[in-house]
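make a model of this:
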Amino acid sequence: MAALLQEALQPLRKVPLGLSAALLGSMAAPHCLYAYIWQRPCDFLEGAARMPLRLLGEHAVEVMQKLVLGLKAIQLASLLAWCEFGLLPVCGAVSGPSRWLVVQAIRSAAPARWILGLGLLLPGQALNVGVYRSIGADGVYYGVKLGRPVPWASGFPFNVGLRHPQYVGAMCSWAGLCALLAATPSAAAPLGAVLLLWGGFYTASAVHEASSDADVVDK
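Next comes the predicted model:
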């Protein structure tokens with residue numbers, strides 16, 4: 001079993017180290033920001049009121065929102081670059097009508113891969129949109145820690161038994177995208193390893209937030 005796993009993950013060793021380091025850093029960065037703000041909200045409030053962070057918004061919630069969105073964009077770019085210039089060439093993917101391997105990987109996805117990818121991506125986005133509609137940016141971006149009122153929400157997606165529906169939604173979305181990018185059988189295991197590590201970051205953030213009851217409001 002160990003030998004099979006080692007063989008399946010062999011392509012990871014051939015991906016340029018710089019690309020893997022960039023992907024790892026982009027995966028960890030938002031969660032480091034979450035932990036810092038959750039643990040030291042007063043410091044973030046002070047920093048958000050000063051230049052250059054003040055350029056991002058008038059309130060710390062707005063500053064956090066723009067920082068997180070920027071980091072998410074970097075995550076997406078890092079994942080696509082890691083696949084385009086690292087994993088897919090190593091796994092033998094070849095370009096077709098498109099010069100970009102990631103585009104070709106998605107275009108050439110078999111029906112089963114589309115079903116799996118969209119089956120994860122669409123529910124994931126539904127959870128994310130549901131969270132935003134229920135508690136708004138103030139709820140998503142730690143308004144409870146940064147001095148903004150956050151409405152109590154009991155409807156979807158907070159009524160489906162998920163403690164952190166947005167984290168689950170984000171993970172499902174990334175998993176759906178990775179399913180579409182798995183252009184060759186040998187690319188599936190390395191992408192699965194990336195998702196496993198990514199899930200670890202989301203789990204760590206959820207556990208860290210659960211260590212405080214500041215995100216729990218009585219009805």
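
and the residue most central in space within the chain, what element?
Central residue of the chain (Cα atoms, centre = their mean): residue 170, 5.2 Å from the mean position. Per DSSP states H and E: residue 170 is located in helix 165-181.

where do the helices sit along this structure?
2-8, 10-14, 17-39, 41-48, 60-82, 88-90, 101-107, 111-140, 143-146, 165-181, 185-210 (DSSP state H).

got TSV for these, with mean pLDDT and distance to residue 157 too?
Bear in mind the C-beta positions are built from the backbone N, C-alpha and C, glycine included. Below are these laid out as TSV (pLDDT from 0 to 100; distance: least, Cβ to Cβ, whole Å):
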stretch	mean pLDDT	distance to residue 157
helix 2-8	60	34
helix 10-14	82	34
helix 17-39	96	19
helix 41-48	96	25
helix 60-82	97	19
helix 88-90	90	33
helix 101-107	90	27
helix 111-140	95	4
helix 143-146	94	18
helix 165-181	96	4
helix 185-210	92	15
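
just want the angle from the helix holding residue 170 to helix 111-140.
150 degrees (axes from the mean of the first three to the mean of the last three Cα atoms, to 10 degrees).

helix 165-181 packs against which elements?
Other helices and strands packing on helix 165-181, by 3 or more Cβ pairs under 8 Å, 6 or more residues apart in numbering; DSSP states H and E, are helix 60-82, helix 101-107, helix 111-140, helix 185-210.

ok, and the closest non-adjacent residue to residue 174?
residue 198 (6.0 Å; Cβ to Cβ, 6 or more residues apart in numbering).

since that was my last question, I'll sign off now.
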